[in-house]
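Chemist: need coordinates for the following:
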Amino acid sequence: MKCAEIRDRVFSKIDGEMSDFNSRDLDSHLEQCASCRREYRLLTLPNQIAQAIPHFTPSPFFYAALKMHIEDEAQRMAGWQSFLSLARQMIPTLAGITLVLFSVFAYFELRGPEADLYKAYESAFIVENQPQHMLVSEQMTITDESVLSAIAERQLSNHRDPGLK
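Modeler: Residues are numbered from 1 along each chain as shown. Okay, the predicted model is just below:
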């Protein structure tokens, strides 16, 4: 047998999973090869140490104390478990409410001023002081440009004299 094959089979022998025939082949190689014998001894060292240490036997009261400690811990955790299950149910609800409130807030903050087109056109055509006098009719033709210029003149005159509306 070659050393590479032996290294693959050493763990099977250590774990007791090797047949007697393969075990004899491995033992004969280990007797002849000092390097493989040294590696096998190093690998079996933890098992030898574990067998040399005396087995620990716990006190009879150990299991009773352990059981009582586990029960106490389970009772403490039961409160937290109910809190966590409630939190898992509430988080999506609170997130939804927050999203709705944020959307409403954003809508009111970002919306533009309401344009009252009827008042704008009315102010372009009729002067409030003289309802019979029409601003646009003085310009002879009614076009988009004449309406916009009349609105602009009206706003300009309102800024100059705030008493006039």
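
Chemist: which parts of the helix or strand where residue 50 lies are buried?
Modeler: Here residue 50 is covered by helix 34-52, with elements defined by DSSP states H and E. Residues 36, 39-40 are the ones in helix 34-52 that count as buried (16 or more other Cβ atoms under 10 Å). From N, CA and C alone the C-beta is placed, and that goes for glycine too.

Chemist: dump these to TSV, plus distance to residue 12 and pLDDT.
Modeler: Formatted as TSV, the buried residues of helix 34-52 follow (distance: Cβ to Cβ, whole Å; pLDDT from 0 to 100):
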residue	distance to residue 12	pLDDT
36	14	88
39	14	89
40	12	87
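
Chemist: for residue 88, state which of those is nearest.
Modeler: Nearest to residue 88 among the buried residues of helix 34-52: residue 39, at 54.0 Å, using Cβ to Cβ.

Chemist: quick one: residues contacting the closest one.
Modeler: By Cβ atoms under 8 Å, 6 or more residues apart in numbering, residue 39 lies in contact with 7, 10.

Chemist: in PDB, list the C-alpha atoms belonging to the helix holding residue 50.
Modeler: The C-alpha trace of helix 34-52 is given here as PDB (Å, rounded to 0.1, in the frame of the first residue of the first chain):
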ATOM      1  CA  ALA A  34       7.700   5.400  10.400                       C
ATOM      2  CA  SER A  35       6.100   8.500   8.900                       C
ATOM      3  CA  CYS A  36       2.600   7.000   8.700                       C
ATOM      4  CA  ARG A  37       3.100   5.400  12.200                       C
ATOM      5  CA  ARG A  38       3.900   8.800  13.600                       C
ATOM      6  CA  GLU A  39       0.900  10.400  11.900                       C
ATOM      7  CA  TYR A  40      -1.400   7.600  13.200                       C
ATOM      8  CA  ARG A  41      -0.100   8.100  16.700                       C
ATOM      9  CA  LEU A  42      -0.800  11.800  16.500                       C
ATOM     10  CA  LEU A  43      -4.300  11.300  15.200                       C
ATOM     11  CA  THR A  44      -5.100   8.800  18.000                       C
ATOM     12  CA  LEU A  45      -3.800  11.000  20.700                       C
ATOM     13  CA  PRO A  46      -7.100  12.800  21.500                       C
ATOM     14  CA  ASN A  47      -8.900   9.500  21.900                       C
ATOM     15  CA  GLN A  48      -6.100   8.300  24.300                       C
ATOM     16  CA  ILE A  49      -6.400  11.500  26.300                       C
ATOM     17  CA  ALA A  50     -10.200  11.200  26.500                       C
ATOM     18  CA  GLN A  51      -9.900   7.700  27.800                       C
ATOM     19  CA  ALA A  52      -7.300   8.700  30.400                       C
END
